[in-house]
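Chemist: Sequence and predicted structure below; questions after.
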Amino acid sequence: MYYKLNTRPFIKTCKEQNIDENTLIDILELCYDNIPFSTFPYIFHNFNSYETLKHCNSGNCISLSIFIKKQLQKLGIKSYLIPATIPLKYQRGNYLDISHVAVAVPGKDDIIYILDGAFYFKVPMKVYLNSSKQYKLKMTDIYNDKLDDIYYNTTLNKKREILNEYQSIPANTYAIETSFKDNQTDKWRYFIREIKNPDEAISNFFINIRKLEPFITKTRQINNKCHCELMVKLNNNHLEIRHYNKLIYKGDPQKIPPNILHHIQKLLSPYFIKQLKQYFNSNIIPSYDIKIK
């Protein structure tokens, strides 16, 4: 279930780019409106993140990051998938320290922009590599309909950091230390290195740990704010459905009212290969072994 993390540096080899921050914001919003966070394709179809994005227009943080990277490529902008840790409130037992992926976009004058499609940043994180000053931005808590202020600053690891048996960060790596304004002890970090095997190193354990609780979260921009339009979660053969965070069904997935099934099927059909109800049986969840290509 666990594989060694494989990363490589890119700061010294990347060219400076003229970056329009509004373009980055547009791409983030495009991701929020079109690519839901979903584990269904991994669990039921054994897809990797590229296949999940291609066939189901959705995926985990890796698929979302791939989507952002592809949109940037269309504009001739070079970007890199980078590894990250996560806040304590998102961690689960048996997660490794690094369990998340975002996108880094090199700019000019040692500036790096970080786009995190799974954490719903309002704007990209603008990182100054040669400054230890603390900066602030807003992150949307889609499950509570509120904006969180987060602080971040750049650090440089002088020595190799061994996080666990499978993950280590080489010496002289920049890390962006991030925390919530209302809980600055809960820190997570973005490492400025390209991750070369994200599905192998992250999706494998993430999906295996959560394979009995497949879920999809569809978001939508309303009045310049990201909202959770629909959340569907299956857990121990119980189905939970929330529409703009209001619970509209909880119970046996085989007894879902036809009107609710029709409503969510209409909203979610672009993100599933089969009819939605065919996924509502945790007894048929196959074993997961990611295909690395």
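Modeler: Received it, and whenever you're ready, just let me know what you need. Numbers count the residues shown, from 1 in each chain.

Chemist: Could I get the contacting residues of the residue nearest in space to the middle of the chain?
Modeler: Geometric centre of the chain, nearest residue: residue 61, 2.4 Å, by CA atoms, centre = their mean. Residues near residue 61 by CB atoms under 8 Å, 6 or more residues apart in numbering: 37, 100, 101, 102, 116, 117, 118. All C-beta atoms are positioned from the backbone trio N, CA, C, and that covers glycine.

Chemist: change it to 7 Å
Modeler: 100, 101, 117, 118 (CB atoms under 7 Å, 6 or more residues apart in numbering).

Chemist: hmm, which two among those residues are most spread apart?
Modeler: 100 and 117 (10.9 Å; CB to CB).

Chemist: Isn't residue 220 up against residue 227?
Modeler: Yes - using CB atoms under 7 Å, residue 220 is in contact with residue 227, at 5.6 Å.

Chemist: quick one: residue 188 from residue 44, how far?
Modeler: 29 Å (CB to CB, to the nearest Å).

Chemist: Can you tell me the number of residues neighbouring residue 165?
Modeler: Residue 165 is flanked by 9 other residues according to other CB atoms under 10 Å.

Chemist: For the closest residue to it other than its chain neighbours, which residues are in contact?
Modeler: Counting by CB to CB, 6 or more residues apart in numbering, residue 165 lies nearest to residue 2, which is 7.6 Å off, once chain neighbours are set aside. By CB under 7 Å, 6+ apart, residue 2 lies in contact with 96, 166, 205.

Chemist: Check for me that residue 2 belongs to a helix.
Modeler: No - counting by DSSP: H, G, I helix; E, B strand; the rest coil, residue 2 is not part of a helix but coil.

Chemist: if I look at it, how far off is residue 253?
Modeler: For residue 2 relative to residue 253 (CB to CB), the value is 31 Å.

Chemist: For the helix or strand harbouring residue 188, C-alpha coordinates in CSV please.
Modeler: Using DSSP states H and E, residue 188 maps to strand 183-191. The C-alpha coordinates for strand 183-191 follow below in CSV (Å, rounded to 0.1, in the frame of the first residue of the first chain):
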residue,chain,number,x,y,z
ASN,A,183,-5.2,27.8,15.0
GLN,A,184,-1.6,28.5,14.2
THR,A,185,-0.4,25.3,15.8
ASP,A,186,-2.1,23.3,13.0
LYS,A,187,0.6,23.6,10.3
TRP,A,188,1.0,22.1,6.9
ARG,A,189,3.7,22.5,4.3
TYR,A,190,4.1,22.7,0.5
PHE,A,191,7.5,21.5,-0.6
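
Chemist: other SSEs contacting it?
Modeler: In this structure, strand 183-191 makes packing contacts with strand 80-84, strand 173-180, judged by 3 or more CB pairs under 7 Å, 6 or more residues apart in numbering; DSSP states H and E.

Chemist: Distance from the next helix or strand after the shortest one to the middle of the chain?
Modeler: The one in question is strand 80-84. In the C-terminal direction, the helix or strand that comes right after strand 80-84 (DSSP H and E) is strand 100-106. Distance of strand 100-106 from the chain centroid (CA atoms, centre = their mean, to the nearest Å) equals 10 Å.

Chemist: Now do the helix or strand following strand 100-106 against strand 100-106, angle only.
Modeler: As assigned by DSSP H and E, the chain's next helix or strand after strand 100-106 is strand 111-115. Here the directions of strand 111-115 and strand 100-106 differ by 140 degrees (axes from the mean of the first three to the mean of the last three CA atoms, to 10 degrees).

Chemist: Can you give the contact residues for strand 111-115?
Modeler: Applying CB under 7 Å, 6+ apart, the set of residues contacting strand 111-115 from outside is 19, 24, 28, 68, 102-107, 121, 124-129, 176, 190, 192.
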